[in-house]
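A.B. asks: next one to model:
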Amino acid sequence: MTAITLIEDAATLNSQLASLDLAGRLSLVAGLGGRAVFTTSLGIEDQVITAEIGNHRLPIEVATLQTGRLFPETLALIDETESQYDIKIVRYEPEQADIDAYAEKYGLNGFYESVEARHACCGVRKLKPLARVLSGASIWITGLRRGQSANRADTPFAEFDPERNLIKINPLADWDIDVIRAYVANNSVPVNPLHARGYPSIGCEPCTRAIKPGEPERAGRWWWENDEKRECGLHVHEEGAAATQ
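C.D. replies: Numbers count the residues shown, from 1 in each chain. Next up, the predicted model:
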């Protein structure tokens with residue numbers, strides 16, 4: 001498909017998804033045809049999506065980026081989630097050669113020293129594996145929510161991803177954290193115990209801290225950087241890229 005067609009398709013989907021509940025949104029996307037992939041970080045919102053996929057046996061692949069620096073609690077949750085929902089979460093790991101090259105240039109924990117080094121680490125451990133995850137996919141499903149940060153406040157239900165030439169679906173875009181927590185409690189969804197210890201957003205262990213009262217949900221990510229729009233690059237388009245809002 002051309003970029004123009006995908007942009008138009010995303011705009012149509014964005015309108016259709018707005019009126020559906022979560023099960024309806026995921027079922028609609030699963031029925032579009034082509035390869036649909038959900039990438040989970042095992043965070044609380046992602047666990048809600050995984051629960052819906054597993055409970056409704058939807059033909060959506062579930063994958064995670066096993067960066068090599070995840071919390072032990074996150075790794076344990078992968079196994080627990082697979083068991084509870086009888087699904088396979090495919091692990092995608094960084095290439096050892098890339099990790100070695102990064103360490104040689106910046107040092108293993110060089111990401112603390114500069115934004116450039118941090119972006120390079122995310123590139124090796126997240127972006128390159130993500131490219132393998134999404135190779136051949138036509139639909140990418142994420143757990144992005146508008147309430148996660150100011151940078152995500154305008155997250156649509158569907159948008160065209162120009163860098164990967166696919167449609168990106170954010171089925172929880174309009175869910176706030178209280179609705180997420182209620183779903184988890186009412187449906188016995190397994191969640192990362194770190195959430196109860198002040199970690200609303202959980203990434204790699206060296207790059208995540210608990211947040212302080214009143215801080216945004218993602219304030220604990222790359223906390224040593226001053227840029228309020230800091231991201232790892234998974235969900236950032238180049239400036240000016242087309243998207244459906």
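
A.B. asks: what helix or strand is the most far-flung residue of the chain relative to its centre located in?
C.D. replies: Among residues of the chain, the one most distant from the C-alpha centroid is E104; the distance is 28.6 Å, by Cα atoms, centre = their mean. With the criterion set as DSSP states H and E, the secondary-structure element containing E104 is helix 96-106.

A.B. asks: give me the residues contacting stretch 10-24.
C.D. replies: Defining contact as Cβ atoms under 8 Å, 6 or more residues apart in numbering, one finds that stretch 10-24 is touched by 25, 28-29, 48-49, 52, 56, 156-160, 167-169, 171-172, 174-175, 244. (C-beta placed from N, C-alpha, C; glycine too.)

A.B. asks: repeat the analysis, applying 10 Å as the threshold.
C.D. replies: By Cβ atoms under 10 Å, 6 or more residues apart in numbering, the surrounding residues in contact with stretch 10-24 are 25-29, 32, 48-49, 51-53, 55-56, 58, 139, 156-161, 166-175, 179, 183, 242-245.

A.B. asks: in helices only, show me the residues you listed.
C.D. replies: Counting by DSSP state H, the members of these that fall within helices are 25-29, 48-49, 51-53, 55, 179, 183.

A.B. asks: how many neighbours does the closest residue in space to E225 that isn't next to it in sequence have?
C.D. replies: Setting aside the residues directly before and after it, E225 is nearest to V115 in space (Cβ to Cβ, 6 or more residues apart in numbering), at 6.2 Å. V115 has 14 neighbours, counted by other Cβ atoms under 10 Å.

A.B. asks: ok, A51 next?
C.D. replies: Residues within reach of A51, counting by other Cβ under 10 Å, total 21.

A.B. asks: list the contacts of it.
C.D. replies: Residues in contact with A51 (Cβ under 10 Å, 6+ apart) are L22, T81, Q84, Y85, I87, Y183, V184, N187, S188, V189, P190.

A.B. asks: what's the distance between it and Q16?
C.D. replies: Distance from A51 to Q16, counting by Cβ to Cβ, to the nearest Å: 22 Å.

A.B. asks: avg pLDDT for the lengthiest helix in the chain?
C.D. replies: Within the chain, and with DSSP H defining each element, the longest helix by residue count is helix 3-18. Per-residue confidence for helix 3-18 averages out to 91 on the pLDDT scale.

A.B. asks: for the worst-scoring helix or strand of the chain on mean pLDDT, list the C-alpha coordinates in CSV.
C.D. replies: Per-element confidence for the chain was summarised using mean pLDDT, DSSP states H and E. The lowest value among helices and strands belongs to helix 3-18, with a mean of 91. As requested, C-alpha coordinates have been extracted for helix 3-18 and formatted as CSV (Å, rounded to 0.1, in the frame of the first residue of the first chain):
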residue,chain,number,x,y,z
ALA,A,3,1.7,6.0,2.3
ILE,A,4,-1.4,8.0,1.2
THR,A,5,-3.6,4.9,1.4
LEU,A,6,-2.3,4.0,4.8
ILE,A,7,-2.9,7.5,6.1
GLU,A,8,-6.5,7.4,4.9
ASP,A,9,-6.9,3.9,6.4
ALA,A,10,-5.6,5.1,9.7
ALA,A,11,-7.9,8.1,9.7
THR,A,12,-10.9,5.7,9.1
LEU,A,13,-9.8,3.3,11.8
ASN,A,14,-9.2,6.2,14.3
SER,A,15,-12.9,7.1,14.0
GLN,A,16,-14.2,3.5,14.1
LEU,A,17,-12.1,2.6,17.2
ALA,A,18,-13.3,5.6,19.2
